[in-house]
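Chemist: Fold the following for me, if possible:
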Amino acid sequence: MLLRTVRLIDPVDPSPTCSRTAAPVDVRIVDGRITEIAERLSRTSGEQVVDAAGAFAIPGLWDQHVHVGQTAQGRSRLDTSGATSLDDLLGLARRALAARRAQLAGSAVHSGDALVGFGHRLVDFDDDPHGDAFTRRVLTELDALAPATAIVLIGSDAHHALMNTAALTGLGLPTEGGVVGEDEWFTALEHLDDLPGIADRLEGGVADMQTEALERGIVGLVDMEWAANWELWARRAPRLRVRTATYASTLESVPGPTGTPIPAADAHSPLVTMGPLKVIVDGALGSKSALCRHAYGAPDGDGRGVLAVPLHDLHDLLGRARGLGLHAAVHAIGDAAADIALDAIQQAGIPARIEHAQMLTDQDVARMARLGVTASVQPVHLLDDRDATMQTWGDWADCAYRLRDLLEAGVPLAFGSDAPVAPIAPWMAMAAAVHRSSDERPGWFPAQQLQPLEALAASVDGVQRLQVGGLADLVLLEDDPFAPVPTGPDGLMVESAAREAAERLLAVRPLSTFVDGIERFSR
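Modeler: Numbering: from 1, shown residues only. Next comes the predicted model:
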């Protein structure tokens with residue numbers, strides 16, 4: 001393929017203005033690689049020509065943290081994000097069940113299909129969502145709604161679910177209470193497809209998810225689903241690149257080290273490869289289970305949050321993964337969890353990422369840089385967590401989402417969504433990193449804002465530029481939304497300019513997305 005008249009934008013560019021003045025070039029692509037770049041290339045015999053008409057080209061975007069199965073099921077799930085109490089949640093479920101009964105005639109939905117909801121946050125509840133009385137009430141009330149239909153209402157952080165007896169029984173869980181948290185829930189997630197109707201909706205959702213990702217300029221994702229993901233993707237028709245994670249329960253059955261190609265049912269070339277071992281060390285802010293160095297009123301233990309995997313066990317797990325040639329992706333949201341994760345990573349000597357890296361001390365940031373540990377972060381979460389962080393971690397809130405500090409310390413940044421917790425929306429993630437606000441308020445801790453090109457560099461899987469020899473994974477844009485944001489005398493971005501830069505990023509609609517040299521989306 002010969003791609004004519006494109007303007008190349010480099011994510012890592014010592015002179016950002018060059019991306020706005022560069023002359024158009026032609027790009028030749030052969031067998032999924034860029035083989036030539038020049039001001040004018042002659043068409044070879046039989047070569048396909050695509051005229052980009054002066055469009056801007058950037059390396060393809062990646063979402064570094066996606067739970068594919070959970071995201072694919074999203075269209076069929078009840079949105080519970082507006083609930084601020086158990087009564088709200090029950091009302092949403094009651095109305096959804098009533099609507100289902102009314103629509104059953106001629107519908108593909110079976111009366112016995114499970115009802116799955118997603119989006120509520122216990123930290124937002126007006127009533128106290130903890131203790132035996134609450135969990136017994138959840139079970140009683142959900143059973144009363146539909147005793148024969150499995151009901152699973154998943155929290156927005158995906159760290160807990162509220163269930164009735166039919167769901168608990170179907171997933172092999174104890175039936176004493178209706179709130180399932182942390183370890184039990186993560187185990188149950190691997191079997192969620194066993195509930196009636198769930199599996200039937202999965203693969204259609206995966207196909208739709210890939211289409212939407214390509215429309216947004218995404219050429220690859222890391223699948224963090226709780227499943228033997230390499231087996232699932234081997235039966236699919238991937239249209240973008242996928243790295244498939246494993247968890248401890250499937251560690252010994254992985255097909256090979258990180259990077260091992262996974263042949264798929266229908267692919268031009270191997271787009272799917274083995275990814276990292278995923279280990280979850282602590283909980284999340286939304287469930288008040290993130291493990292912190294300070295007490296903040298968490299309901300379990302000493303009020304500092306939950307330690308899911310002790311240091312000794314984590315070290316053993318990472319050692320086993322290193323022996324298999326795997327990299328590690330360690331979930332750590334609280335700063336105490338990050339400290340434990342870094343101890344184990346250092347002891348195991350394994351290439352690793354900290355997933356979320358939400359709360360970090362200066363010591364944590366410096367250790368990540370020294371150990372070469374990547375910060376796999378989700379900027380959109382800072383918009384969702386802004387108020388809850390101030391309310392819950394107020395005295396330590398400046399330790400949250402330290403994007404600028406990480407970058408300046410030399411820690412590699414890798415942006416993602418944690419979908420379905422946040423949508424697969426890379427332009428929204430970049431906008432959040434640049435302005436750090438989604439409403440009329442100024443940017444939250446503006447010293448941590450990133451320039452647009454810096455946000456782009458964290459979104460392209462480490463690709464510094466489109467160059468000869470590189471993969472032909474690229475995105476065409478009508479305009480260049482990466483103009484640098486001016487700073488004021490205090491060294492901070494000018495607030496109005498940062499807001500405008502974020503608005504430009506949010507408005508981006510890619511013209512085309514190429515994966516492995518093939519145009520997978522065109523507007």
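Chemist: Now do the strands in the stretch 101-250 of the chain.
Modeler: Counting by DSSP state E, counting those that start in this stretch, the stretch 101-250 of the chain has strands at residues 115-120, 151-155, 160-163, 179-181, 218-223, 241-246.
Chemist: Those strands into CSV, with extra columns for mean pLDDT and mean neighbour count?
Modeler: All C-beta spots, glycine's among them, are computed from the backbone N, C-alpha and C. Listed next are those as CSV, based on pLDDT from 0 to 100; neighbours: other C-beta atoms under 10 Å:
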stretch, mean pLDDT, mean neighbour count
strand 115-120, 91, 23
strand 151-155, 94, 27
strand 160-163, 93, 27
strand 179-181, 89, 23
strand 218-223, 98, 27
strand 241-246, 98, 26
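Chemist: Can I get those strands in JSON lines including distance to residue 282?
Modeler: Below are the strands of the stretch 101-250 of the chain laid out as JSON lines (distance: least, C-beta to C-beta, whole Å):
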{"stretch": "strand 115-120", "distance to residue 282": "20"}
{"stretch": "strand 151-155", "distance to residue 282": "15"}
{"stretch": "strand 160-163", "distance to residue 282": "13"}
{"stretch": "strand 179-181", "distance to residue 282": "12"}
{"stretch": "strand 218-223", "distance to residue 282": "20"}
{"stretch": "strand 241-246", "distance to residue 282": "18"}
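Chemist: so where's the longest strand in the chain?
Modeler: strand 49-59 (DSSP state E).
Chemist: so how far is it off the chain centroid?
Modeler: Distance of strand 49-59 from the chain centroid (C-alpha atoms, centre = their mean, to the nearest Å) equals 28 Å.
Chemist: Next, the angle from the helix or strand just after that strand to strand 241-246.
Modeler: Heading C-terminal from strand 49-59, the first helix or strand you meet, by DSSP states H and E, is strand 61-66. Orientation note: strand 61-66 sits at an angle of 20 degrees relative to strand 241-246 (axes from the mean of the first three to the mean of the last three C-alpha atoms, to 10 degrees).
Chemist: other SSEs contacting strand 61-66?
Modeler: strand 218-223, strand 413-415, helix 426-435 (3 or more C-beta pairs under 8 Å, 6 or more residues apart in numbering; DSSP states H and E).
Chemist: Pipe these into TSV and attach distance to residue 147 per row.
Modeler: Shown next, in TSV, are the helices and strands packed on strand 61-66 (distance: least, C-beta to C-beta, whole Å):
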stretch	distance to residue 147
strand 218-223	35
strand 413-415	44
helix 426-435	40
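Chemist: shaky segments in the chain?
Modeler: Applying pLDDT under 70 to the chain flags the ranges 14-21, 104-111, 265-269.
Chemist: What about residue 38? Give its phi and psi, please.
Modeler: Residue 38 has phi and psi values of phi -160, psi 170 when expressed as degrees, to the nearest 10.
Chemist: typo on my end, residue 164
Modeler: Here is the backbone geometry of residue 164 (degrees, to the nearest 10): phi -100, psi 180.
Chemist: That one - how many residues pack around it?
Modeler: Neighbour count of residue 164, defined by other C-beta atoms under 10 Å: 28.
Chemist: likewise the one 10 residues further on?
Modeler: A count of nearby residues for residue 174, using other C-beta under 10 Å, gives 9.
Chemist: roughly how far apart are it and residue 160?
Modeler: For residue 174, the distance to residue 160 equals 15 Å [C-beta to C-beta, to the nearest Å].
Chemist: quick revisit: so for residue 58, which of the strands of the stretch 101-250 of the chain sits nearest?
Modeler: Smallest distance to residue 58 across the strands of the stretch 101-250 of the chain (C-beta to C-beta): 10.5 Å, for strand 218-223.
Chemist: looking just at contacts, which helices and strands does that closest one meet?
Modeler: strand 61-66, strand 241-246, strand 272-280, strand 512-515.
Chemist: for the stretch 351-500 of the chain, what spans make up the helices?
Modeler: 362-371, 379-393, 403-409, 426-435, 452-457, 495-506 (DSSP state H, counting those that start in this stretch).
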